[in-house]
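Undergrad: A predicted structure for the sequence below; I have some questions about it.
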Amino acid sequence: MKIQNLPNEFEMARPVLQTIESAGFEAYFVGGSVRDTILGLPIHDVDIAASAYPAEIKELFKRTVDTGIEHGTVMVLDHGNGYEVTTFRTESGYQDYRRPDQVTFIRSLDEDLKRRDFTINALAMREDGEVIDLFNGLTDLKRRLIRAVGDANVRFNEDALRMMRAVRFASKLDFSIDPDTMSAITTHSHLLAKIAVERIYTEFVKMMMGSKPRLGLQDMCNTKMIDYVPEFKNYLPGIKKIIALPEFRLKNEFQVWGLISFSFGLNHKQISELLKRWKAANQTIEATQKIVTALRELVAHGLNSMTLFNTGQSLLGDTMGVARALNISVDETKVMQRYDQLPIKNVHELAINGGDLIKAGVLKPGPELGRILKQLQSVVINGELNNDQPTLLEHARVILSHERKGEI
Ligand SMILES: Nc1ccn([C@@H]2O[C@H](COP(=O)(O)OP(=O)(O)OP(=O)(O)O)[C@@H](O)[C@H]2O)c(=O)n1
């Protein structure tokens, strides 16, 4: 098969392949960009595989960077773009089910394609668009099938993360998983425990952002992979709830964890504990907590002004995204309008700050300042007082005098 009208990314990279070939080596486009082009999906970057060894690639181009030279990858800089060129290789000694202990550079494309995970990822394309398909990857693309190259058991023993990749690609592309490949995943699902949780995290989030995340979760349950990701086996009813939802799409990882935490019924502390087990960033934990708080309020009585303020515009958008996924009915325009009408959108917009309170002799520097400012912020956000300095100074005096009287 020859692909006509290659996307621009390939056209731009063509001179790199031509340079390698004119020196007597072979060079091909490989991996996800070839797969996605055949499927008519947009591509982001192109990967190149070549029979030239890294030192030979470096001799052919003026500017190169050793991005992963021990694995055979050199970045070639050409007309302001960088292209990763990886020498054909075989991999061996995956003693830890993760990464090959040893890579051997080879001159044979066939051997290089043989070591790859799935048939749809084992296609190579010449610079003129001709596709080399040794494992019926093109048929599998047509049949919408994720199928391991060769013996699936061997592939998953080499790299257990590939089991998550299978589920991720199935969800992303709306493909099914070949029965032999699926049964090999069930046999080897326990090997997921050997994989760094950060790597599983990346695949899991991509899976949840795919077009069929419910199928991905179902596959994870059927194959028992779910037992080897942090704590999910404690929340099977929550997972079943997600699987039972109508089809949905999530846009980013905050939405993914918002949906999961809400469906699992987690409070802030539990969200933090679960996400720390997944080694999520603190920013993700905080965003998830805000989304879940907002969702709970939406369901209970609608969002109050303070929550609108605390959630902020961007996470409110994510909250709406998760609400849609959860089939919670919300007047999104109204929520965003109410946000737009908040008297202040962040603490810096408050007409008074700690310095002003000190200068006016209302308070001395100290922890009291923050507490009073929070109260002023809250009366402004709730529309009880105008956001102007004299009014807020006066209110600060009133709060303090009430408190002092109370103390006496
Ligand atoms: N565990 C892995 C990871 C990658 N690969 C091979 O390396 C290629 C590039 O991998 P990667 O960039 O991780 O994924 P893509 O397939 O390019 O997909 P995407 O860019 O959508 O993540 C894959 O196509 C596949 O041939 C593999 O065999 N086994």
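TA: Sure thing, it's come through.
Undergrad: Excluding covalently adjacent residues, which one is nearest to Q218?
TA: I243 (5.4 Å; Cβ to Cβ, 6 or more residues apart in numbering). C-beta: built from backbone N, CA, C; applies to glycine.
Undergrad: So what's the residue count around the one you found?
TA: Neighbourhood size, I243 [other Cβ atoms under 10 Å]: 16.
Undergrad: Ok, Q375 next?
TA: 13.
Undergrad: Tell me the pLDDT of it.
TA: For Q375, the model assigns a pLDDT of 95.
Undergrad: from what I can see it touches L400, true?
TA: No - assessed by Cβ atoms under 8 Å, Q375 is found out of contact with L400, at 10.2 Å.
Undergrad: where in the stretch 101-250 of the chain is pLDDT low?
TA: 101 (pLDDT under 70).
Undergrad: Which residues are in contact with the closest residue to the ligand within the chain?
TA: Nearest residue of the chain to the ligand: G32, at 2.5 Å (Cβ to the nearest ligand atom). Residues near G32 by Cβ atoms under 8 Å, 6 or more residues apart in numbering: I43, D47, N121.
Undergrad: Helices of the stretch 201-350 of the chain, residue ranges please.
TA: Taking DSSP state H, counting those that start in this stretch, the helices of the stretch 201-350 of the chain run over residues 213-222, 236-243, 253-264, 268-277, 282-300, 305-325, 332-340.
Undergrad: now the stretch 51-200 of the chain
TA: So, for the stretch 51-200 of the chain - with DSSP H, counting those that start in this stretch - the helices run 54-60, 109-114, 137-143, 152-158, 161-173, 179-188, 197-208.
Undergrad: how many other residues sit next to G68?
TA: 13.
Undergrad: Now M225. Nearest residue, chain neighbours left out?
TA: Per Cβ to Cβ, 6+ apart, closest to M225 is S189, 4.6 Å.
Undergrad: wait, that neighbour sits on M163?
TA: Yes - contact criterion Cβ under 8 Å: S189 and M163 qualify, at 6.5 Å.
Undergrad: Identify the contacts common to those two.
TA: T223, M225.
Undergrad: These two: which is more packed in?
TA: Taking neighbours as other Cβ under 10 Å, S189 and M163 compare with M163 leading, 32 against 20.
Undergrad: Tell me the one of the contacts of G32 nearest T104?
TA: Nearest to T104 among those: D47, at 19.3 Å, using Cβ to Cβ.
Undergrad: What is the neighbour count of the closest one?
TA: 17.
Undergrad: Once you drop chain neighbours, what's closest to R14?
TA: E127 is the one closest to R14 (Cβ to Cβ, 6+ apart), at 5.0 Å.
Undergrad: Around the ligand, pick out the residues from the protein.
TA: By the rule Cβ under 6 Å from any ligand atom, the part of the chain lying against the ligand is G31, G32, R116, D117, N121, A122, D159, L161, R162, R165.
Undergrad: Make sure L326 is actually in contact with G258.
TA: No - the criterion here is Cβ under 8 Å, and L326 misses it with G258 at 9.3 Å.
Undergrad: Can you tell me which of the helices of the stretch 51-200 of the chain is most buried?
TA: Of the helices of the stretch 51-200 of the chain, the one with the most neighbours on average (mean count of other Cβ atoms under 10 Å) is helix 161-173, at a mean of 25.
Undergrad: Low-confidence ranges, the stretch 301-408 of the chain, go.
TA: In the stretch 301-408 of the chain, residues with pLDDT under 70: 407-408.
Undergrad: That one: strands as residue ranges?
TA: In the stretch 301-408 of the chain, no segments count as strands under DSSP state E, counting those that start in this stretch.
Undergrad: show me the contacts for V322.
TA: Contacts of V322 by Cβ under 8 Å, 6+ apart are L250, Q255, G258, L259, F262, I291, L295.
Undergrad: which of these has the most neighbours?
TA: Neighbour max across those (other Cβ under 10 Å) = G258, 30 neighbours.
Undergrad: From A280, how far off is the closest residue to A287 other than its chain neighbours?
TA: Nearest non-adjacent residue to A287, counting by Cβ to Cβ, 6+ apart: F254, 4.3 Å away. Applying Cβ to Cβ, to the nearest Å, the value for F254 to A280 is 10 Å.
Undergrad: One more: P390?
TA: P390 is 45 Å from A280, by Cβ to Cβ.
Undergrad: who does the nearest residue to T73 once chain neighbours are set aside bridge with?
TA: In space, and not counting its chain neighbours, T73 is closest to T86: 4.6 Å by Cβ to Cβ, 6+ apart. Using DSSP bridges, the bridge partners assigned to T86 are A49, T73.
Undergrad: need the contact list for T86.
TA: Neighbours of T86 in contact, by Cβ under 8 Å, 6+ apart: V30, D47, I48, A49, A50, G68, H71, G72, T73, V74.
Undergrad: switch to 10 Å and redo it
TA: Listed by Cβ atoms under 10 Å, 6 or more residues apart in numbering, the contact set of T86 reads 30-31, 47-50, 54, 57, 67-68, 71-74, 103, 105, 112.
Undergrad: Tell me, how many residues neighbour P42?
TA: P42 has 8 nearby residues by other Cβ under 10 Å.
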